[in-house]
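Engineer: Return atomic coordinates for the entry below.
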Amino acid sequence: MAFSPSHPLAGFLTAVRFLSVVPVPAGEGEDNSSFQASLYWFPLVGLLLGAVVAGVVQVLGIFVSVPVPVLAMCSIVLSAGLTGCLHLDGLADSGDGLLCARPRERALEIMRDSRIGAMGVIALILVLLTRYASLSTVPLSAVVPSVLMMPIAGRTAILLSMSVLPYARAKGGLGGLFYSGNSRRAATVGLIFCIVTGLLVSWQISLLVVAATVVTVAVFSLWCFKKLGGATGDTLGAVCELTECAVAVSFSIFFFTG
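Structural biologist: Numbering: from 1, shown residues only. Reported below is the predicted structural model:
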């Protein structure tokens, strides 16, 4: 069922449609207000995605006794499938643009190109391998909270990036649809949601996830600002993937040393 842009659920459905492969129909006369309102729902959609992955991992790990490395791979494949590889595509394009030795305008043109280059492939391989290696070393009891919190942190990272970086393109680009004067408010709501959700697991997990998210966003945002002058839709997808990877690494270190 489609809703008009003024309907309270229009923003939520827009977030679900944009961030996942769930076939949600567009609302009649949908305009920019729906995209901007959807920002507040990003962390919740992250929670729903994480819950699906965590549920599958729970069933496979406990009832089927699937080894942790295989669970790690299953979670990566399922996560990519649920999002239509949207953020992975942004990571690849960002790798091509940010890692090239070209000026700002040329880097933005490279990122707009649908073809993937060597730097994009390298970025994808490194991030996916790091994510797999990290989740593979997490004990079975910690795999579920890991894959549950990662998508929440990733979508929160998108909001935080939007709150600290201007949109880099003068016109056009999918990311520009979501920018508005409410970006910082949405980022605050998202961060609080991330903290509270983590606290429902444990205060250590909440602190771990928030620290990994904030540090990743800070470092990557600085890089994007120096190279591109701001954020694009591709870099927002990239910061989501990088943050999820950072959370996985943090979980791995925490449980290994703990």
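Engineer: Tell me, please, the helix or strand in the chain that averages the lowest pLDDT.
Structural biologist: Within the chain, confidence by mean pLDDT, DSSP states H and E is lowest for helix 32-38 among all helices and strands, at a mean of 78.
Engineer: Show me what the mean pLDDT comes to for the helix or strand just after that one.
Structural biologist: Toward the C-terminus, helix 32-38 is succeeded by helix 42-58 as the next helix or strand (DSSP states H and E). What helix 42-58 shows for mean pLDDT is 96.
Engineer: which parts of the following helix or strand past helix 42-58 are buried?
Structural biologist: Per DSSP H and E, helix 42-58 leads on to helix 68-83 as the next helix or strand towards the C-terminus. Buried positions in helix 68-83, judged by neighbour count with 16 or more other C-beta atoms under 10 Å: 68, 71-76, 78-79, 82-83. For every residue, glycine as well, the C-beta is placed using N, CA and C.
Engineer: neighbouring contacts of the helix or strand that helix 68-83 is followed by?
Structural biologist: Downstream of helix 68-83, the first helix or strand assigned by DSSP H and E is helix 86-98. Residues from elsewhere that reach helix 86-98 (C-beta atoms under 8 Å, 6 or more residues apart in numbering): 18-19, 80, 107-108, 110-113, 116-117, 119-124, 127, 154, 223-224, 227-228, 232-238, 240-242.
Engineer: cool, stretch 58-68 as well?
Structural biologist: Under C-beta under 8 Å, 6+ apart, the answer for stretch 58-68 is 70-71, 74, 135-136, 138-140, 143-144.
Engineer: That stretch spans what distance, first to last residue?
Structural biologist: 11 Å (C-alpha to C-alpha, to the nearest Å).
Engineer: for it, which positions count as buried?
Structural biologist: For stretch 58-68, by 16+ other C-beta under 10 Å, it's 58, 60-61, 66, 68.
Engineer: Okay, now the unreliable bits of this structure?
Structural biologist: 1-8, 26-33, 172-176, 257-258 (pLDDT under 70).
Engineer: what are the ranges of the helices in it?
Structural biologist: For the chain, the helices defined by DSSP state H occupy 10-19, 32-38, 42-58, 68-83, 86-98, 104-112, 118-136, 140-164, 183-201, 203-228, 233-257.
Engineer: any chance of these in JSON lines, plus distance to residue 170?
Structural biologist: Output for these, formatted as JSON lines (distance: least, C-beta to C-beta, whole Å):
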{"stretch": "helix 10-19", "distance to residue 170": "23"}
{"stretch": "helix 32-38", "distance to residue 170": "17"}
{"stretch": "helix 42-58", "distance to residue 170": "25"}
{"stretch": "helix 68-83", "distance to residue 170": "28"}
{"stretch": "helix 86-98", "distance to residue 170": "16"}
{"stretch": "helix 104-112", "distance to residue 170": "9"}
{"stretch": "helix 118-136", "distance to residue 170": "23"}
{"stretch": "helix 140-164", "distance to residue 170": "17"}
{"stretch": "helix 183-201", "distance to residue 170": "18"}
{"stretch": "helix 203-228", "distance to residue 170": "12"}
{"stretch": "helix 233-257", "distance to residue 170": "14"}
